[in-house]
Structure formats: structure tokens, C-alpha cells
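Colleague: the following block contains a protein sequence and its predicted model.
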Amino acid sequence: ILIQVVTEGVCGLVCRRWYAACQDGRVRRRAWEGRWEGYMAGWRVPQELVGHTDTVCTLAVGPDGTVYSGSLDGTIRAWSGIDGSCLRTLAGGLFSTLSLVVGGPNGAVYSGTTARSGSRGAIRVWSGTDGSRLADLEGHPGRSVRALAVTVDGTLFSGASDRTIRVWSNGEHV
């Protein structure tokens, strides 16, 4: 899986499909047709995954190929990696989603949120199975959580605009 930052947003290459997070609130998907004749020559016309109402900031891919997109509209959407259909919407509330990662032993979805005035940037933990919200982790006071990474055993790392990286284990800051 390749995840990199491009001028349109975040993109990823998953199962011969390329995903781009875009400022118009859409996720664009192209499929590889197996030939390389120059820049983007082997890519089919994009499919647009429509549902967000504001800029899509982040993408993550689950172990089953589900693609997750996080937006400034406060939602996370789970998309089928096969046909691009929206499987479910995880309602994040008033807080924009700036970062996503999927992993750990239970396949949880972790989202990093913006900090609003008087609040803390939080990490929300979601079930990768049914999309239910499992927990909120707070540890970056007054700052937005901009980067997340998770290990196979479920150890979570979060980076925020407070210039710190925090380590979490079993829902607790270590």
C-alpha cells in the first residue's frame, strides 16, 4: 500500500486502485488497466465517491480493503474497495477529521480530530466492523491531532500541532 501527499490531497494505491482525497468533498478512484505508456496512461477514468460535504483530508485502508475517508464535515465514510459504494458513515460530530489509521488486533479505525476553542484535539476509536464509536482518547490539550500510526499489537502513536508524539496502549497514554 502506498500513501503519499499530493497537491490535490492524500492519495493511496490499493489493490490496483488509486484514491485521491479532494477539496471538493469527493474521493476520486481510478483503476489500473495493466499497461504503462507514460504518466497515468494505464489508469481508467476516475470514479467519484460522493458523500462528504467539505474537504476530504485523509484516507486509510482497512485489512479487508475497505477505504475510509475523513473530512472537515465531521464524518468518516467507509467505502467498498471493490465497487466504491458507501458502506457506512461514522458521525464524528462537530470535530473535523484530520487523520485516520486502521489496524491493531481488532481492526479498529482511529481518527484524529481538530481542537476547537476550549476543547482538546481527540482521537476517536471506532469499530472497524460496525462503525460504532468505542472510545475517545484525549492527550493533546488544545491541539489538533494531525498524524496517527498503529502497530500490529495495537500500540497507537499520535502526533499533534503541540509538537508532541504520544504513545497509547489499551486506551491509555503511556
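Modeller: Yep, it's here. Numbering: from 1, shown residues only.
Colleague: now do whichever strand or helix holds Ser111: which elements does it pack against?
Modeller: Assessed by DSSP states H and E, Ser111 sits inside strand 108-113. In terms of contacts (3 or more C-beta pairs under 8 Å, 6 or more residues apart in numbering; DSSP states H and E), strand 108-113 is packed against strand 75-79, strand 97-103, strand 121-126, strand 145-150, strand 156-160. (Glycine included, C-beta is placed from N, CA and C.)
Colleague: beyond the third one, next helix or strand please.
Modeller: Using DSSP H and E, the helix or strand that directly follows strand 121-126 along the chain is strand 133-140.
Colleague: just want the angle from that following strand to strand 156-160.
Modeller: 50 degrees (axes from the mean of the first three to the mean of the last three C-alpha atoms, to 10 degrees).
Colleague: name the strands paired with the one helix or strand Leu59 maps to and say parallel or antiparallel.
Modeller: Per DSSP H and E, Leu59 falls inside strand 56-61. Next to strand 56-61 in the sheet, as set by DSSP bridges, lie strand 67-71 (antiparallel).
Colleague: what does the partner strand contact?
Modeller: Identification of contacts with strand 67-71 by C-beta atoms under 8 Å, 6 or more residues apart in numbering yields 12, 14, 19, 21, 25, 27, 49, 52-62, 76-81, 92, 96-100, 102, 109, 111.
Colleague: make it 7 Å
Modeller: 14, 19, 21, 25, 27, 52, 54-62, 76-79, 81, 97, 100, 102, 109, 111 (C-beta atoms under 7 Å, 6 or more residues apart in numbering).
Colleague: buried ones only from those residues, please, as a ChimeraX command.
Modeller: Burial among the contacts of strand 67-71 is assessed by 16 or more other C-beta atoms under 10 Å; the matching ChimeraX selection reads:
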select :14,19,21,25,27,52,55,56,57,58,59,60,61,62,76,77,78,79,81,97,100,102,109,111
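Colleague: for Val101, list the residues it contacts.
Modeller: Counting by C-beta under 7 Å, 6+ apart, Val101 has contacts 60, 110, 148-150.
Colleague: can you pick the most crowded of those?
Modeller: Tyr110 (27 neighbours; other C-beta atoms under 10 Å).
Colleague: what about it, distance to Thr53?
Modeller: 23 Å (C-beta to C-beta, to the nearest Å).
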